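Student: prediction below, plus the sequence it came from.
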Amino acid sequence: MVTRYRFLLLFLAFSLILSACEGASGVTYGELTQEIWIGVGDLWKVELTWSFNQSERQMLQPSIESQLQQRCQRAVEQRISCDWSQHENLDGGLTYSITAIGSGLDKLNLAAFDGKASLARDERNHVQLRLDQPLIPSLRAYKLTVRGREIISSNATTETRESATWRSLGPIQVEMISGGNLPELLVVIATLYPWYLAGGLALVVLLGLGWVLWRRSKSGVPSKSKWTE
């Protein structure tokens, strides 16, 4: 069952849960996959999948549910939209799938990195992201992908023109130009500012209708006059 909550408090809940469990010998905290897209105007989207096996689930699920109940009551105060769902794994584990959409690098830092990253624009208007220490030191597997219009430099495991991907919990550093991916941008705008998108579509329709009427008036054939002798 898909539930709408605000992502920031959800992620902080996970962080608090894992911090409470820190120090338990031999404990792992699941498999985390995170994808971040940073667009124009500091609009952003985060997709996160967090999977727990059966033993991890037995240890963490009661705390997860308790923390979510407390923090989601204050969710409306955060202007970060998110859809999340959970499903059972074949091995008896549990997977959370979360999609968060927001605006502003400060909120992205809180949502994706618990506010512990250095994330800002430099004098060239490039986005600079740096995270020196992993948020969760004992994951079974980890993958982070950051996407934009162009990656300038990074210490990623693999890199393309538009994305950088890390597969380890070491330090993260990337310099990039945000933007690109028009479909992603439209999804973000439609989620955060639906009235802007509706107004833009209405304007396009009106302009199109006006153009059609203008073309008809210019190409119309004048009525023929009948001459009588």
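Tutor: Received, thanks. Numbers count the residues shown, from 1 in each chain.

Student: which stretches of this structure form strands?
Tutor: Using DSSP state E, the strands of the chain run over 3-4, 31-38, 43-52, 81-88, 94-103, 118-121, 127-131, 141-147, 150-154, 158-159, 163-166, 172-177.

Student: what about the second one, average pLDDT?
Tutor: Strand 31-38 carries an average pLDDT of 93.

Student: any weak-confidence spans in the protein?
Tutor: Low-confidence segments of the chain (pLDDT under 70): 1-28, 61-78, 194-213, 215, 218-229.

Student: make it 90
Tutor: Across the chain, residues meeting the criterion (pLDDT under 90) sit at 1-30, 32, 46-87, 91, 94-103, 106-116, 133-140, 168-170, 180-229.

Student: between the strands of the chain, which one is nearest to M59?
Tutor: strand 43-52 (8.6 Å; Cβ to Cβ). Where you see a C-beta, it was placed from the backbone N, CA and C, and this is true even at glycine.

Student: so for that closest one, what gets flagged as buried?
Tutor: For strand 43-52, burial by neighbour count (16 or more other Cβ atoms under 10 Å) applies to L43, W44, K45, V46, L48, T49, W50, S51, F52.

Student: including distance to L185, could those go into JSON lines?
Tutor: Shown next, in JSON lines, are these (distance: Cβ to Cβ, whole Å):
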{"residue": "L43", "distance to L185": "7"}
{"residue": "W44", "distance to L185": "10"}
{"residue": "K45", "distance to L185": "9"}
{"residue": "V46", "distance to L185": "15"}
{"residue": "L48", "distance to L185": "20"}
{"residue": "T49", "distance to L185": "22"}
{"residue": "W50", "distance to L185": "26"}
{"residue": "S51", "distance to L185": "29"}
{"residue": "F52", "distance to L185": "33"}
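
Student: would you turn the strands of the chain into CSV with distance to I189?
Tutor: Shown next, in CSV, are the strands of the chain (distance: least, Cβ to Cβ, whole Å):
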stretch, distance to I189
strand 3-4, 18
strand 31-38, 13
strand 43-52, 7
strand 81-88, 12
strand 94-103, 9
strand 118-121, 20
strand 127-131, 19
strand 141-147, 17
strand 150-154, 21
strand 158-159, 28
strand 163-166, 21
strand 172-177, 19
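
Student: of the ones you listed, which is nearest A190?
Tutor: Taking Cβ to Cβ, strand 94-103 is the member of the strands of the chain nearest to A190, at 9.4 Å.

Student: direction included, what does that closest one pair up with?
Tutor: Paired neighbours of strand 94-103 in the sheet (DSSP bridges): strand 43-52 (antiparallel), strand 81-88 (antiparallel).

Student: can you redo those as JSON lines with distance to I172?
Tutor: Output for the strands paired with strand 94-103, formatted as JSON lines (distance: least, Cβ to Cβ, whole Å):
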{"stretch": "strand 43-52", "distance to I172": "15"}
{"stretch": "strand 81-88", "distance to I172": "22"}
